[in-house]
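Undergrad: Give the three-dimensional model of this entry:
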Amino acid sequence: MLNFDGTGSGSNSSDATDSSGKNLRVNVSDKRLINCNTVDVNQLMPLKYKWAWEHYLNGCANNWLPTEVAMGKDIELWKSDQLSADERQVIMRNLGFFSTAESLVGNNIVLAIFKHVTNPECRQYLLRQAFEEAVHTHTFHYIVESLALDQGEVFNMYNEVNTIRNKDQFEMQLTADILKNDFSTATPEGAQKFLENLIGYYIIMEGIFFYSGFVMILSFHRQNRMTGIGEQFQYILRDETIHLNFGIDLINGIKEENPALWSPEFQARTLERIKQAVELEYQYAADCLPRGILGLTAPMFREYVQYIADRRMERIGLKAQYGSKNPFPWMVETIDLGKEKNFFETRVTEYQTAASLQW
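TA: Have a look, this model is predicted:
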């Protein structure tokens, strides 16, 4: 098997053969993240990409369901006159965006990514992530139902609110080509298109587009308001941390195995796409916060989105473009963006399943 730069990918010898002399055993060196056709089943062992298995185990340890979170205080506050119209708009806009965004990510995993990632341990994690995306979509249904919101208004915002539709369409165009019947990663062009999709969904959607919403909703939670929604967003944020780290490891792994894909031209296109996403996210924040609430203003989000975009770019080997500072240092208490790899070294015990607790 040849890489796109012309180098070979050898395999270790094995003494297990069938009657025709064909190798029956899978060697670690045979495994590749994409374009590996040596096996026709998800043969997990031996593990090659241990990082993928660790992400899978971390996800399993943090299992949760939205129905476990009490919504009584949220319902009482929502029915009262203690929330301003601007505060209600922030909550509604974020429910509207996340309710469709999570389903887009889930569809991309199941219909696009899983098919073309040929490594079993990565596929094992993708199955776990797909379940978590379903849980997140369930979360927004649970919130809408609990607060007795207009379901049509929330779940149709991607059609009716321009700043939400623009972000969704930005992502959907990255999936369109990959869903075509004749799409393949066997060519350099196809592999680059697939890498573009991974960057678009892991780095941009889950790594940039989600974070303004996290700040807005968790700002309510910090003031002990809408605590049920806030708790669920904390759980989603912690799931997304693993999603982001897995995506970064997958992207960097594909780059390492196929260095010719990471051309200067591809890097330049990636930078432009991320810059476009930063602007779309700022427009969304400005739409959510026309006058500002809870000490939050739209200009603060331009700086914040630029700050996290720099962190994402650095993680995949691109140079930071903005040099902005974090205007929300309290977010570090929830998750330190500079140390995402180490986040699960210090988990909140209540967030782990009983089998994973260490006392």
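Undergrad: Can you give me the distance of Pro329 to Gln232?
TA: Note on Pro329: its distance to Gln232, by Cβ to Cβ, to the nearest Å, is 23 Å. In short, each C-beta sits where N, CA and C put it, glycine included.
Undergrad: Hmm, Ile199 and Ile254 touching each other?
TA: No. Using Cβ atoms under 8 Å, Ile254 is not in contact with Ile199, being 10.3 Å away.
Undergrad: Of those two, which one has the most company?
TA: Shown here are Ile254 and Ile199; by other Cβ atoms under 10 Å, Ile199 has more neighbours (25 against 22).
Undergrad: pretty sure that one is touching Asn252, no?
TA: No. Between Ile199 and Asn252 there is no contact under Cβ under 8 Å: 10.9 Å.
Undergrad: between those two, what contacts are shared?
TA: Counting by Cβ atoms under 8 Å, 6 or more residues apart in numbering, the residues touching both Ile199 and Asn252 are Ile316.
Undergrad: Between Pro329 and Gln232, tell me which one has more neighbours.
TA: Taking neighbours as other Cβ under 10 Å, Pro329 and Gln232 compare with Gln232 leading, 25 against 8.
Undergrad: next structured bit after the strand or helix carrying the more buried one?
TA: Take DSSP states H and E as the rule and Gln232 turns out to sit in helix 227-257. Downstream of helix 227-257, the next assigned helix or strand under DSSP H and E is helix 264-288.
Undergrad: Now do the buried residues in that next one.
TA: Within helix 264-288, the residues that count as buried by 16 or more other Cβ atoms under 10 Å are 266, 270, 273-274, 277-278, 280-285, 287-288.
Undergrad: same check, this time on stretch 144-152
TA: Within stretch 144-152, the residues scored as buried using 16+ other Cβ under 10 Å are 144, 146-147, 149.
Undergrad: Who are the contact partners of Asn107?
TA: Applying Cβ under 8 Å, 6+ apart, the residues contacting Asn107 are Thr175.
Undergrad: how much space between it and Ile178?
TA: 11 Å.
Undergrad: Tell me how far Gln43 lies from His221.
TA: According to Cβ to Cβ, Gln43 stands 44 Å off from His221.
Undergrad: Out of the buried residues of stretch 144-152, which comes closest to Lys167?
TA: Val144 (19.8 Å; Cβ to Cβ).
Undergrad: Run a quick neighbour tally on the spatially closest residue to that closest one that is not a sequence neighbour.
TA: Once flanking residues are discounted, Val144 sits nearest to Val154: 5.2 Å by Cβ to Cβ, 6 or more residues apart in numbering. The number of residues packed near Val154 is 21, by other Cβ under 10 Å.
Undergrad: Val154 is in what secondary structure piece?
TA: Counting by DSSP H and E, Val154 is part of helix 151-155.
Undergrad: Could you look up the next helix or strand downstream of that helix?
TA: helix 157-160.
Undergrad: Run through who's touching that next one.
TA: Against helix 157-160 from outside (Cβ under 8 Å, 6+ apart): 92-93, 96-97, 99-100, 164-165, 168.
Undergrad: please redo it, this time with the cut-off set to 10 Å
TA: Here helix 157-160 makes contact (Cβ atoms under 10 Å, 6 or more residues apart in numbering) with 92-97, 99-101, 103-104, 152-153, 163-169, 172.
Undergrad: just stretch 320-334 next, same as before
TA: The contact list for stretch 320-334 (Cβ under 10 Å, 6+ apart) reads 211, 214-215, 218-219, 221-222, 233-234, 237-238, 241, 271, 274-275, 278, 295-297, 299-314, 337-339, 343.
Undergrad: cutoff 8 Å now
TA: So stretch 320-334 is contacted by 214-215, 218, 222, 234, 237, 271, 274-275, 278, 300, 302-304, 306-307, 309-311, 313-314, 337 (Cβ under 8 Å, 6+ apart).
Undergrad: which residues of the stretch 1-150 of the chain score low on pLDDT?
TA: 1-26, 28-30, 34-35, 37-42, 44 (pLDDT under 70).
Undergrad: just to revisit the earlier point, quickly name whichever of the buried residues of stretch 144-152 is closest to Ala61.
TA: Ser146 (26.8 Å).
Undergrad: Tell me how many other residues crowd the closest residue in space to the closest one that isn't next to it in sequence.
TA: Residue nearest to Ser146 in three dimensions, not counting chain neighbours: Met71, with 4.1 Å by Cβ to Cβ, 6+ apart. The number of residues packed near Met71 is 21, by other Cβ under 10 Å.
Undergrad: List the contacts of Met71.
TA: By Cβ under 8 Å, 6+ apart, the neighbours of Met71 are 142-143, 146-147, 228-229.
Undergrad: ditto for Asn166
TA: Shown in contact with Asn166 (Cβ under 8 Å, 6+ apart): 280, 283-284.
Undergrad: Redo the contacts of Met71 as CSV? Include distance to Lys325.
TA: As requested, the contacts of Met71 are arranged in CSV below (distance: Cβ to Cβ, whole Å):
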residue, distance to Lys325
Tyr142, 36
Ile143, 32
Ser146, 37
Leu147, 35
Gly228, 32
Ile229, 28
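Undergrad: Out of those, which is nearest to Lys79?
TA: Closest approach between those and Lys79, by Cβ to Cβ: Leu147, at 8.4 Å.
Undergrad: From Asn159, how far off is the closest one?
TA: 21 Å.
Undergrad: same question, Gln276
TA: Taking Cβ to Cβ, one finds Gln276 at 21 Å from Asn159.
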